[in-house]
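# Sequence first, then the predicted structure:
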Amino acid sequence: MTGKERIARRIAREFRDGFYVNLGIGLPTMIAEYVPAGIDVMFQSENGMLGVGGPPTDDCADPDLINAGKQPVTELPGCSFFASEESFAMIRGGHMDMSILGAMQVDENGNLANWTIPGKMVKGMGGAMDLVAGARRVIVAMEHQTKDGTSRILKECTLPLTGQRVVHDIVTELCWIRVSAEGLVLTEVADGLDAAEVQARTEARLLVSPDLRVMTVNASA
Amino acid sequence: MTGKERIARRIAREFRDGFYVNLGIGLPTMIAEYVPAGIDVMFQSENGMLGVGGPPTDDCADPDLINAGKQPVTELPGCSFFASEESFAMIRGGHMDMSILGAMQVDENGNLANWTIPGKMVKGMGGAMDLVAGARRVIVAMEHQTKDGTSRILKECTLPLTGQRVVHDIVTELCWIRVSAEGLVLTEVADGLDAAEVQARTEARLLVSPDLRVMTVNASA
Amino acid sequence: MNKVVQTAYEAVADIASGSTVMLGGFGLCGIPENLIAALVERRVTGLHTISNNMGVDGFGMGLMLEAGMIASHVGSYVGENRRLEALVLRKELDLTLIPQGTLAERIRAGGAGIPAFYVPTGLGTVVAEGKETRKIGDRTYVLEHSLNADVALIKAWKGDRLGNLVYRKTARNFNPAMATAAKLTVAEIEELVEPGELNPDHVVTPGIYVNRVVVGAAYRKPIESKFIQSGGAA
Amino acid sequence: MNKVVQTAYEAVADIASGSTVMLGGFGLCGIPENLIAALVERRVTGLHTISNNMGVDGFGMGLMLEAGMIASHVGSYVGENRRLEALVLRKELDLTLIPQGTLAERIRAGGAGIPAFYVPTGLGTVVAEGKETRKIGDRTYVLEHSLNADVALIKAWKGDRLGNLVYRKTARNFNPAMATAAKLTVAEIEELVEPGELNPDHVVTPGIYVNRVVVGAAYRKPIESKFIQSGGAA
């Protein structure tokens, strides 16, 4: 099981029956594959769809039916389509139970940076700023460190922010971290690791929960 | 021809092909009957319909299909239904070519009062304040005087306003008055009347247009 | 995911006295008849209602008024309701009248996470009194705030167990906006269909906004203009 | 009332250089392919465009960019467009990036007569810099202003000669809001139907918002994620 898959599987365990969830582009999109059996979750795509299904077979792809990552998707029974301003009314209005998105940096205050590198990358924030400002619970799903081993969980973000004090939880292949008023609280660590090892790979200071547990991941979907 | 019918017929002559018009409750609703031949006008009803048709035969009345006066109406081909917030986005956003409504009082500044008599009448403004604030052209259609002969066109409204400086034209059975920055300008008088006679029945001061004409009314629809 | 409850009574069983309640409808068109009846049966009191109108004497919200359930009301038009007029003139009911478009937009804003916005409506009138005004471009506007509620009781035409709703003709009116603006949204529908039966391009209220769905029965749907002419016997 | 014009070229014939132009679509989904082609053919220049994205190298608004027609752009995401990135880094094109939901709401506000409104989005980030903030209740919000345009070029699925429009699946996106926010709205459709053929309960854009309707042809509709993988050859 890859680190990304472990993250996706762990987050999927947070879903409850009847949840409405927005999944960001990239790693978060994988989470849809691991919804626990017996649980109905409706996925929203901010370009204007609720009830997003998985990818179509290649010859059934409909160019009028894509997700926010511009990938072709399918319709689930009971899905609906709506315009952009309605989609973001839904997001901004606090109707999404959960928004799960990737990050370049997160910090001790729950600040998130995931949209730009000044002077280098001109892409845009898309719907990310709206999602972090509007969802009831914002979960960052990302690999713990960059490819060169730099921590993505910092004392203070150095890149331009996507949102200020918006992140509720950070999930990586190593651990689950809850953002609290006191700071970052380590609540789960991957099997075989301990808190000190996670801290060693993290710039931000981690408080250790008295209930620290092993991060369990369902093997089956 | 009654005075009300004369008002309705005169205003209908202002319609141009392709106009979108909101007609208020009462006298203004009558105007729909007199749209000149060869002219397509789409009537809006602020409860959420564009393309309002005339009244149904009694046994065809549909309780789900009413106008803002709560009267049953019919659908014209190409009509559409929408929610209240969309209807008023349409009105407030300046998309209606014309809003025609009744009044209790209008004054020299184009102020309009048509919704309440303090201590006596508790009804509410409904959509009137939105209509006068949003339409490109606001025409007041009303009988020139009250039943007891009091002028409804005043130096200054005494009743609580529906809108401040919102009226463009006032049409009564006696005359057409244009509201200008200089004040009220009499532009048309009913056949057989002159400006002095209209002024005698009007509290507000009327400037007389150099192009004063007889108010002509199409006899046929 | 199944939001269907079996009876209107069950659908409103936990609405507490003193709640703020939005009720959909324009006049008697598109009102949740069955939910209103259930609420009257429960006799909750001290309600703060938000609805464009307030029914008529003898029907719709008029029944709630007659049962003494309403402490305050926010709406745009309450003509055709003599009991209400009398209560207000005697100051026994706190009535706030606001422009219909501002009412609709304030409710929409409540559902859309927009706490306040500017409108031209009502400038220089009593509805702007005590409100901030602001010049933007060459026109002056009034600041209006969003409206939310504890409960929205709405009426749709068809719906599915996920809460997806479509409306019929002018019975749509305030229902979709109210569906978005309450902590608990209860939708009364005329016909329950299977998920997927509603064309997803035609869904007006996506299920995310709806907590409970109940199929109504025995609709009366009086036409208000006739109901009043005939003294309530229609 | 007949708003149908015969060719896309005719539909955009009077768009002046220097105009502010809204273009519907999300990525390459729901974009007015024929109107963009006609505009490129006309080579109007100095356009100020408002659109969520800016196509890709070789398709959609990317073609306008390559033809040197765009002076400034307001959008939320322009990834997948290397030419644009280069122009911006060289400061040859004035790019304003704003959150997607704020963009959509600002356009809707432009059509709805709401000059400004408050949102939580972007507080404490670069998009709030220089903007008024305000505490309402227990949260702080950013003041955002409406967006309007001289022209909106939108894409719908079916329409009639009165300008009533319906959209298909996620090709709806920004098109309905943009239809309301411009002085001149030109709608490209795939199929023209008779007035009355569209169920009035299903109409998304009522004809009042639309000035011209043109039936598009030869749709390519590439799927962006595949188009880019295959280097534009899809």
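Thanks, I have the structure now.
# At which residues are the strands of chain A located?
For chain A, the strands defined by DSSP state E occupy A:19-23, A:41-45, A:49-53, A:74-81, A:98-101, A:105-107, A:112-113, A:138-141, A:153-154, A:169-171, A:175-180, A:183-190, A:206-215.
# could you dump those to JSON lines with mean pLDDT?
Listed next are the strands of chain A as JSON lines, based on pLDDT from 0 to 100:
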{"stretch": "strand A:19-23", "mean pLDDT": "97"}
{"stretch": "strand A:41-45", "mean pLDDT": "98"}
{"stretch": "strand A:49-53", "mean pLDDT": "97"}
{"stretch": "strand A:74-81", "mean pLDDT": "97"}
{"stretch": "strand A:98-101", "mean pLDDT": "98"}
{"stretch": "strand A:105-107", "mean pLDDT": "98"}
{"stretch": "strand A:112-113", "mean pLDDT": "98"}
{"stretch": "strand A:138-141", "mean pLDDT": "98"}
{"stretch": "strand A:153-154", "mean pLDDT": "98"}
{"stretch": "strand A:169-171", "mean pLDDT": "98"}
{"stretch": "strand A:175-180", "mean pLDDT": "98"}
{"stretch": "strand A:183-190", "mean pLDDT": "98"}
{"stretch": "strand A:206-215", "mean pLDDT": "97"}
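# now for those strands, which one comes closest to chain B?
When the strands of chain A are compared by CB to the nearest CB, strand A:74-81 sits nearest chain B, at 15.3 Å. Bear in mind the C-beta positions are built from the backbone N, C-alpha and C, glycine included.
# do that closest one and chain B meet?
No: Strand A:74-81 does not reach chain B (CB under 8 Å from any CB of the partner chain); its nearest approach is 15.3 Å.
# Just the buried residues of that strand, please?
A:T74, A:E75, A:L76, A:G78, A:C79, A:S80, A:F81 (16 or more other CB atoms under 10 Å in any protein chain shown).
# all helices in chain C, in order from the N-terminus.
For chain C, the helices defined by DSSP state H occupy C:8-11, C:33-42, C:61-66, C:82-89, C:100-112, C:175-180, C:224-229.
# which of the ones you listed sits most buried?
helix C:175-180 (a mean of 30; mean count of other CB atoms under 10 Å in any protein chain shown).
# low-confidence ranges in the chain?
In the absence of a named chain, this looks at chain A. Chain A contains residues with pLDDT under 70 at A:218-221.
# meant chain C, my bad for not saying
By pLDDT under 70, the low-scoring segments of chain C are C:227-234.
# Check the gap between the residue lying farthest from the centre of it and B:M96 for me.
Distance to the chain centre peaks in chain C at C:D138, reaching 34.9 Å (criterion: CA atoms, centre = their mean). Going from C:D138 to B:M96 by CB to CB, to the nearest Å gives 20 Å.
# and residue 56, how many residues sit next to it?
You didn't say which chain, so I picked chain A. The number of residues packed near A:P56 is 15, by other CB atoms under 10 Å in any protein chain shown.
# actually chain C
Close neighbours of C:V56, defined as other CB under 10 Å, add up to 26.
# mind checking how far it is from C:V88?
Distance of C:V56 to C:V88, given as CB to CB: 15 Å.
# hey, what's A:V140 bridged with?
In this entry, A:V140 is beta-bridged to A:L101, A:I170, by DSSP bridges.
# Centre of the chain to stretch A:114-130, how far?
In terms of CA atoms, centre = their mean, to the nearest Å, the centre of stretch A:114-130 is found 16 Å from the chain centre.
# and that stretch, is it in reach of chain C?
No: no part of stretch A:114-130 sits near chain C under the criterion CB under 8 Å from any CB; the closest distance found is 8.9 Å.
# would you put the C-alpha positions of that stretch in PDB?
This file holds the C-alpha atoms of stretch A:114-130, laid out as PDB (Å, rounded to 0.1, in the frame of the first residue of the first chain):
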ATOM      1  CA  ASN A 114      -1.600  25.500  -1.700                       C
ATOM      2  CA  TRP A 115      -2.100  27.700  -4.700                       C
ATOM      3  CA  THR A 116       1.000  29.700  -5.700                       C
ATOM      4  CA  ILE A 117       4.700  30.100  -5.700                       C
ATOM      5  CA  PRO A 118       5.500  33.800  -6.300                       C
ATOM      6  CA  GLY A 119       7.500  34.400  -9.400                       C
ATOM      7  CA  LYS A 120       7.400  30.700 -10.400                       C
ATOM      8  CA  MET A 121       3.900  29.400 -10.800                       C
ATOM      9  CA  VAL A 122       0.900  31.200 -12.200                       C
ATOM     10  CA  LYS A 123      -2.100  28.900 -11.900                       C
ATOM     11  CA  GLY A 124      -4.700  30.400  -9.600                       C
ATOM     12  CA  MET A 125      -6.500  29.400  -6.500                       C
ATOM     13  CA  GLY A 126      -9.600  28.000  -8.400                       C
ATOM     14  CA  GLY A 127     -12.200  27.100  -5.800                       C
ATOM     15  CA  ALA A 128      -9.800  26.300  -2.900                       C
ATOM     16  CA  MET A 129     -10.200  29.600  -1.000                       C
ATOM     17  CA  ASP A 130     -13.900  29.200  -1.100                       C
END
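# Show me which residues of that stretch are buried.
Residues A:N114, A:W115, A:T116, A:V122, A:K123, A:G124, A:M125, A:G126, A:G127, A:A128, A:M129, A:D130 are the ones in stretch A:114-130 that count as buried (16+ other CB under 10 Å).
# so which of the residues you listed comes closest to chain B?
Set against chain B, the nearest of these by CB to the nearest CB is A:D130 (19.7 Å).
# Name the residues of stretch A:10-17 that come out as buried.
The neighbour-count check on stretch A:10-17 (16+ other CB under 10 Å) flags A:R10, A:I11, A:A12, A:E14, A:F15 as buried.
# From what I see, the third one and A:I31 are in contact.
Yes: contact status for A:A12 versus A:I31: in contact at 5.3 Å, counting by CB atoms under 8 Å.
# Can you name the residues of chain C sitting close to chain D?
Neighbours of chain D within chain C, by CB under 8 Å from any CB: C:105, C:109, C:112-120, C:134, C:136-137, C:139, C:141, C:145, C:166-169, C:172, C:199-202.
# Point out the ones among those residues that are inside strands.
Among the residues of chain C next to chain D, the members falling in strands (DSSP E) are C:A116, C:F117, C:Y118, C:V119, C:R134, C:I136, C:R139, C:Y141, C:H145, C:V166.
# Between which two of these is the distance greatest?
The two members of those with the most space between them (CB to CB) are C:R134 and C:V166, at 38.6 Å.
# which of the two has more neighbours?
A side-by-side neighbour count of C:R134 and C:V166, using other CB under 10 Å, places C:V166 first with 22 against 13.
# how close does that one sit to C:V210?
For C:V166, the distance to C:V210 - CB to CB - is 12 Å.
# Identify the residues contacting the residue most central in space within chain A.
Note on chain A: the residue nearest the mean C-alpha position is A:I100, at 2.5 Å, using CA atoms, centre = their mean. Neighbour list for A:I100: A:I11, A:V21, A:N22, A:L23, A:G24, A:P28, A:I31, A:V138, A:I139, A:V140, A:A141 [criterion: CB atoms under 8 Å, 6 or more residues apart in numbering or on different chains].
# A:P72 versus the residue lying farthest from the centre of chain A, what's the distance?
The outermost residue of chain A, judged against the average C-alpha position, is A:D59 (29.9 Å), by CA atoms, centre = their mean. The gap separating A:D59 from A:P72 is 11 Å, by CB to CB.
# Next: A:A135.
A:A135 is 25 Å from A:P72, where distance means CB to CB.
# cool, and A:R152?
Distance from A:R152 to A:P72, by CB to CB: 30 Å.
# For chain D, what is the nearest residue in chain C?
Using CB to the nearest CB, C:F117 is the residue of chain C that sits closest to chain D, at 3.7 Å.
# surely that residue meets D:I114?
Yes: judged on CB under 8 Å, C:F117 makes contact with D:I114 at a distance of 5.2 Å.
# Common neighbours of these two, please.
C:E105.
# These two: which has the busier surroundings?
Neighbour tally, C:F117 and D:I114, criterion other CB under 10 Å: the higher count belongs to C:F117, 29 against 26.
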